[in-house]
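> Sharing a sequence plus its predicted fold:
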Amino acid sequence: MPSAFDAFVHLFESFLCRYERSWFGEMISLDGITRILRSLDRIVRRGERDDDPYLQLLYSATMAGVAVSNIRTGMIHEAAGALLEHTALSHPETLFVFFRETCALYRGHMADREALLLRRLSAEYPELGAASLDGILRWWEDHFERCGITAGVVRAIGQADVPAEELKERIFERVHSDRVWIEKEGPLPLEDSRIRAWIAASLARFGL
């Protein structure tokens, strides 16, 4: 589950890029996101244990690497990398910390991207029933909760090896250093105050 989320975020951030994206990368992202959600649902909710859903995940992870190699990782990955240095969390778990607030931050600034993704999901994975990006958010949060991951994230953040304010500052410095994403490639340019608020809201959801 966590590794699949890492691949999902690679595809999601590649899909959001404003200037570096291409029709080829868009095709990979739409296909990969759909395969990941559908395959995990087969494994986690339906209990399928044959090879096919795992091969679908493997293929999607490979294509996520192709997608991100043609563009870049975004602010979710930058923030997660800084959090990773100060907690016992895995990389995918740190990505999860920042996903919901990233969607909230960009809401209204990626309507075309959201509509395109939802059309693909509606056609290829109608069982998801997502009428908005919130449906995808809830899907991931429900699955992380079902697998017991969320509680572990809360514990690990509470045991970070630096005080809360220092942790926030280190995350800010990492995100702020990627001027290409926050000024150009992200769905909207971000001033320092919005980055700091995004970090604080993301960590607050997990008890910090």
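Done, it's in.
> Just the C-alpha atoms of stretch 22-29, please, in PDB.
Extracted as PDB, the C-alpha positions of stretch 22-29 are listed here (Å, rounded to 0.1, in the frame of the first residue of the first chain):
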ATOM      1  CA  SER A  22       3.200  16.600 -22.300                       C
ATOM      2  CA  TRP A  23       0.500  14.500 -23.900                       C
ATOM      3  CA  PHE A  24       2.700  11.500 -23.400                       C
ATOM      4  CA  GLY A  25       3.200  12.200 -19.700                       C
ATOM      5  CA  GLU A  26      -0.500  12.900 -19.300                       C
ATOM      6  CA  MET A  27      -1.400   9.600 -20.800                       C
ATOM      7  CA  ILE A  28       1.000   7.800 -18.500                       C
ATOM      8  CA  SER A  29      -0.300   9.600 -15.400                       C
END
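> Just the buried positions in it, please.
By neighbour count, and taking 16 or more other C-beta atoms under 10 Å as the criterion, the buried residues in stretch 22-29 are 25-26, 28-29. To be clear about C-beta, it is placed using only N, CA and C from the backbone, and glycine gets the same treatment.
> same deal with stretch 113-127?
Counting neighbours by 16+ other C-beta under 10 Å, stretch 113-127 gives 113-114, 117-118, 120-121, 125 as buried.
> same question, stretch 85-97
Judged by neighbour count (16+ other C-beta under 10 Å), stretch 85-97 contains these buried residues: 86-87, 89-97.
> ditto for stretch 178-194
Of the residues in stretch 178-194, those buried by neighbour count under the rule 16+ other C-beta under 10 Å are 178, 181-182, 185-187, 190.
> Farthest pair within these?
For the buried residues of stretch 178-194, the maximum inter-member distance is 14.4 Å, found between 178 and 187 (C-beta to C-beta).
> thought residue 206 was touching residue 98?
No - proximity of residue 206 to residue 98 does not meet the contact threshold set by C-beta atoms under 8 Å, at 10.1 Å.
> circling back: by pLDDT, give me the weakest of the buried residues of stretch 113-127.
Across the buried residues of stretch 113-127, the smallest pLDDT goes to residue 125, namely 86.
> Not counting sequence-adjacent ones, nearest residue to that one?
With sequence-adjacent residues excluded and distances taken as C-beta to C-beta, 6 or more residues apart in numbering, residue 125 is closest to residue 38, at 4.6 Å.
> next one: the strand or helix carrying that neighbour to chain centre, how far?
Secondary structure from DSSP states H and E places residue 38 in helix 23-44. Average the C-alpha atoms of helix 23-44, do the same for its chain, and the two points are 13 Å apart (C-alpha atoms, centre = their mean, to the nearest Å).
> what do you get for stretch 106-114?
15 Å.
> Alpha carbons only: can I get that stretch in PDB?
The C-alpha trace of stretch 106-114 is given here as PDB (Å, rounded to 0.1, in the frame of the first residue of the first chain):
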ATOM      1  CA  TYR A 106      -4.600  23.800  -5.200                       C
ATOM      2  CA  ARG A 107      -8.400  23.400  -5.200                       C
ATOM      3  CA  GLY A 108      -9.800  25.800  -7.700                       C
ATOM      4  CA  HIS A 109      -6.500  26.100  -9.500                       C
ATOM      5  CA  MET A 110      -6.500  22.700 -11.200                       C
ATOM      6  CA  ALA A 111     -10.100  22.300 -12.400                       C
ATOM      7  CA  ASP A 112      -9.000  21.200 -15.800                       C
ATOM      8  CA  ARG A 113      -6.700  18.600 -14.400                       C
ATOM      9  CA  GLU A 114      -9.300  17.300 -11.900                       C
END
